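>>> Okay, predicted coordinates and the sequence, questions at the end:
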Amino acid sequence: MPMIDVSALRGGGGDEKAACAGLIGDACRRAGFFQITGHGVDQALLDGVHDVAKDFFALPTADKMAVALTKSPQYRGYFPLKGEVTDTAFGGDPKEGFDISLELPVQAAGAGGWPKLRGPNQWPDGMPEFRQRLTDYHGALCDLGRSLSRGFALALDLPEDFFLSKLDAPTAILRILHYPPVETVADPTSLPPHGCGAHTDYGYLTILAQDGSGGLQVQNLAGAWIDVPPTPGAYVCNIGEMMARWTGDEFRATSHRVVRVSPGSRYSIPFFLHPNPDVLIEPLPSRGAVAFEPTTSGAYLLRRLEGAYA
Ligand SMILES: O=C(O)CCC(=O)C(=O)O
Ligand SMILES: [Fe+2]
C-alpha cells in the first residue's frame, strides 16, 4: 500500500501538487487504498481523542445507551456490541461505536431539508472533554478531506477546486470504535469470526486512524486479504462507493475487514466523508461514461444507513 506525503496539497506549488495528485490517482485506480503522512493533523489531538474514547467505552452500558444511536433520527450516538452489521452473511459485529457529524440546521422541512442527515449530535453527560476533543478533531479531518479533494480533482483532470463546493455542507461522520477482547464477551460463540466484516464504505472518502493492534485487511484484485500494518503518525485513506460511482469505477471502492486480534482491546477512529446531500453523483464532466444511475449523495447514504443497524 503506497505511503504518500500529502503536504503539497495543503499549500505546495503547482508541480508538487500535481506530483502528489498523480500518486493519489494511481493508488485510487489500483488498490482504492493508500496511507498518508504530511497531513497536518496534530498527533496530540488524535491521542486526546483516543484517550477520551477509552473513557467513554469504559462507561456502564446504561450510560452509553442513554445516547443510543437508535434514539437519534440522524444516526448519531452510541451503538452497542453487535449493533452494526457489515457483512450480511453474519450477525452484528463484535464492536461498539459512537458517531457524530456536523451540527448543520435542518433547512426547510420536507424535500431538501434532509432531516435524517442534518441535526444535533448526542453527547454523554458530564464529559465536556469528550465533546470538545471529538469536535476539534472532526474539524481537522474535514479540513484534511478538503485538502485530499484537491488531489482527487487534479488526478481526474478537473479544476483543483471541483469537489470543494460539493463538500461545504457535507455529511461528515466521525466514529470512534472499540473492539473488546472476545474473551470478555458473554457467549463468544454467538459472535462472527471477524472483528468488522468484509464491506465497502458508502461514501466519498474514509480517513482512518488505527491504533497499534493491527487487524485491518484489504482485499486485492486476486481476492487475497492483505494486512495493513499500523504506521504511527500515518492515516489509512480509502475510496467509498459514491466516489467509485462518480468516477465510473475508475477509483475503486475496495472491500476491507478487521480480523480479530487478541489479547486486548482494539480502538480505531474512522472519518467518513460524504458530499453535501443534494450533490448529484453522476458521471464526472471529465469522464462521461454512464456506468450507474445518478443519485444524490443524501439519498444514497440514507439507503445504506437504513440497512446498517441491527
Ligand atoms: O476499525 C477499522 O480499522 C476499520 C473499520 C471500518 O472499516 C469501518 O468502520 O468502515
Ligand atoms: Fe470500512
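On my side now, so go ahead. Ligands and ions are numbered 1, 2, ... in the order given.
>>> Can you name the residues of the protein that neighbour ligand 1?
177, 196, 201, 208, 210, 216, 256, 258, 268, 270 (CB under 6 Å from any ligand atom). Quick note: C-beta positions are derived from backbone N, CA and C, even for glycine.
>>> could you redo the last one with a cut-off of 5 Å?
For the chain, the contact set with ligand 1 under CB under 5 Å from any ligand atom comprises 196, 210, 216, 258, 268, 270.
>>> Verify the stated contact: residue 42 with residue 140.
Yes. Between residue 42 and residue 140 there is a contact under CB atoms under 8 Å: 7.4 Å.
>>> which one of the two has more residues nearby?
For residue 42 versus residue 140, neighbours defined as other CB atoms under 10 Å are more numerous around residue 140 (17 against 11).
>>> excluding its backbone neighbours, what's nearest that one?
Distances taken as CB to CB, 6 or more residues apart in numbering put residue 41 closest to residue 140, at 5.0 Å, once the chain neighbours are dropped.
>>> which ones are touching that neighbour?
137, 140-141, 144, 235 (CB atoms under 8 Å, 6 or more residues apart in numbering).
>>> Can I get these in TSV including pLDDT and secondary structure?
Formatted as TSV, these follow (pLDDT from 0 to 100; DSSP: H, G, I helix; E, B strand; the rest coil):
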residue	pLDDT	secondary structure
137	98	helix
140	98	helix
141	98	helix
144	98	helix
235	98	strand
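>>> between those residues, which is nearest ligand 1?
Set against ligand 1, the nearest of those by CB to the nearest ligand atom is residue 235 (11.2 Å).
>>> Return the set of residues that bridge with the closest one.
Counting by DSSP bridges, residue 235 forms beta bridges with residue 36.
>>> which ones are touching the closest residue to residue 225 other than its chain neighbours?
Nearest non-adjacent residue to residue 225, counting by CB to CB, 6+ apart: residue 217, 4.3 Å away. Contacts for residue 217 (CB under 8 Å, 6+ apart) come out as 225-228, 256-259.
>>> what secondary structure does residue 217 sit in?
strand (DSSP: H, G, I helix; E, B strand; the rest coil).
>>> In this protein, what residue comes closest to ligand 1?
Nearest to ligand 1, among the residues of the chain, is residue 268, at 3.4 Å (CB to the nearest ligand atom).
>>> how deep is that residue tucked in, by neighbour count?
Quick note: residue 268 (other CB under 10 Å) scores 25 neighbours.
>>> In terms of helices and strands, where is it?
Assessed by DSSP states H and E, residue 268 sits inside strand 266-274.
>>> Neighbouring strands - and their directions - for that strand?
Using DSSP bridges, the strands paired with strand 266-274 are strand 171-179 (antiparallel), strand 205-210 (antiparallel).
>>> Next secondary structure after that strand?
That would be, after strand 266-274 and using DSSP H and E, strand 280-281.
>>> Just the residues contacting that next one, thanks.
Contact partners of strand 280-281, identified using CB under 8 Å, 6+ apart, comprise 242, 245-246, 275, 292, 294-297, 300.
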